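*Asks:* with the sequence up front, the predicted model follows.
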Amino acid sequence: MELYYSFSILIVLAAIFAYVNERFLKLPSTIGIMLMAMLVSIGLVITGNLFPKLFESFSRFIANLDFTQILMGAMLNFLLFAGAIHVRLKDLREQRAPIIVFSTISVLISTFIVGLLVYNTLPLFRLNIPLIQCLVFGALISPTDPIAVLGILKKAGVNKALETKVAGESLFNDGVAVVVFVVLLELAKGSAIDLSFTHITWLLIKEALGGFGMGLLLGFVGSRAMQRIDSTNVSTLITLAVVMGGYLIAQAMHISGPLTMVAAGLIVGNYGKATRISVITRDYLDKFWELIDEILNAILFLIIGFELLLIPHITRYWLIGLISIAIVLVARFLSIWIPTLFIPFKTKFDRQTLTILVWGGLRGGVSVALALSIDEELNKNLFLAITYFIVVFSIVIQGLTVGKLTKPRKSRERSDALNESMG
């Protein structure tokens, strides 16, 4: 009953905020909902002395929501599957080299750059934090968030090749990021852990390749079952079973649940829906998963907005937060630019392409969830506050402006096409 009560409150609030945004603000849905949740949070803090019971009750409600478990253990699986089901394998194959590099090497580069820069910045504020803890922060903030990226790039008007690079990277970088985060977090706790190259490589292979392989298997099994019956209701039920059952299998096998969902979604979207099922069933599945995506995105960004209530004394960290935003952007640029110097990609990365890749690398709920999982004695409140500043800036400022960066490119492409036709 408690779960139903909590879910009901979130759905009602998400519906109200979504209506207000659609009716008046006209912002992208996720950004509008998150901003309104933040404003309500700020209002509750300001009026806390006037309405103490309301403030305490709502703060307790948000605190009782285990955001890390809700996102990483449930919502992320549905959202990744819903996003991957609409991605074309042909587009991914064409951009496979930058996607692989950005989702692996770039995550590692960014982790260490962020960690080192934050480690050398915090003493300016009389905060002497161990390097290993700063590296933990670097690991949780470095991967781009698939939910934020997929939700905002759809409406940003980014050209297909760039959209595939950024979206593909965000879908696949979780496997590496989570392994790096877990290893560094265990080291920060002082746990004994095998840091040999063989052990770390095995962890990456087990998490990433194991999850991806399991996702391919589940996707093919689900697709074959859908093709044999071609029923709208049963096909939808099969996709739900792939997501929910796939997560249970991934947990039991200690492999990457997110990569399992991505691989399964890609196969179902490109193999299950594309062959031997009716247009009606295909359309039904598309609409069903678009609805799931919209509902869960609304709830997710609603919770992100309300998480502001759980960060004690967040105003103390505003300057550190602003500096950290710059640090993360610099690290993002270097993590993209450095590989382009040494790896011969098929396509050239000009200045504008790099700018869009850097600015379009949004951070979101995954970073907040990982920050919440840090132990209290490892300066959790500090890193959670910094993470929150970065995520809000990323979603609101970068999310609203990334589409504008593509306008010069579009104008140049139209001009080139016109010149070719005249020539």
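*Replies:* All right, it came through fine.

*Asks:* can you classify the residue nearest to residue 131 when sequence neighbours are not counted by secondary structure?
*Replies:* In space, and not counting its chain neighbours, residue 131 is closest to residue 119: 4.9 Å by C-beta to C-beta, 6 or more residues apart in numbering. C-beta: built from backbone N, CA, C; applies to glycine. Secondary structure, DSSP: H, G, I helix; E, B strand; the rest coil: residue 119 is helix.

*Asks:* give the contact list for the residue nearest the centre of the chain.
*Replies:* Geometric centre of the chain, nearest residue: residue 145, 2.0 Å, by C-alpha atoms, centre = their mean. Applying C-beta atoms under 8 Å, 6 or more residues apart in numbering to residue 145 gives the contacts 170, 362, 363, 364, 365, 366, 367.

*Asks:* so how far is residue 76 from it?
*Replies:* The span separating residue 145 from residue 76 equals 10 Å under the rule C-beta to C-beta, to the nearest Å.

*Asks:* pLDDT weak spots in this protein?
*Replies:* Residues of the chain meeting the criterion pLDDT under 70: 1, 154-157, 273-275, 406-423.

*Asks:* go again with 80.
*Replies:* 1-2, 49, 150-160, 174-175, 191-197, 200-201, 272-276, 346-348, 403, 406-423 (pLDDT under 80).

*Asks:* longest helix of it, counting residues only.
*Replies:* The residue-count maximum for a helix in the chain (DSSP state H) belongs to helix 279-306.

*Asks:* now residue 199: which helix or strand?
*Replies:* helix 197-204 (DSSP states H and E).

*Asks:* tell me which residues of the next helix or strand after that helix come out buried.
*Replies:* Per DSSP H and E, the first helix or strand lying C-terminal to helix 197-204 is helix 210-229. Neighbour-count burial for helix 210-229 flags 210-212, 214-223, 226-227 (criterion: 16 or more other C-beta atoms under 10 Å).

*Asks:* residues in contact with residue 239?
*Replies:* Contacts of residue 239 (C-beta under 8 Å, 6+ apart): 81, 85, 222, 226, 268, 285, 288, 289.

*Asks:* again, only this time at 10 Å
*Replies:* With contact set as C-beta atoms under 10 Å, 6 or more residues apart in numbering, residue 239 has these partners: 81-82, 85, 219, 222-223, 226, 264-265, 268-269, 272-273, 285, 288-289, 292.

*Asks:* just the buried residues of the residues you listed.
*Replies:* With neighbours counted by 16+ other C-beta under 10 Å, those contain buried members at 81-82, 85, 219, 222-223, 226, 264-265, 268-269, 272-273, 285, 288-289, 292.

*Asks:* which SS class is the nearest residue to residue 187 once chain neighbours are set aside?
*Replies:* Sequence neighbours aside, residue 132 is the residue nearest to residue 187 in space, at 5.4 Å (criterion: C-beta to C-beta, 6+ apart). Secondary structure, three-state DSSP: residue 132 is helix.

*Asks:* strands along the stretch 251-400 of the chain, start to end?
*Replies:* Counting by DSSP state E, counting those that start in this stretch, one finds no strands in the stretch 251-400 of the chain.

*Asks:* all helices for it, in order.
*Replies:* Taking DSSP state H, counting those that start in this stretch as the test, the helices found in the stretch 251-400 of the chain are 257-267, 279-306, 318-342, 351-359, 365-372, 380-393, 399-401.

*Asks:* okay, buried residues for the helix or strand hosting residue 20 please.
*Replies:* Assigned by DSSP H and E, residue 20 belongs to helix 2-20. The neighbour-count check on helix 2-20 (16+ other C-beta under 10 Å) flags 10, 13, 14, 17, 18 as buried.
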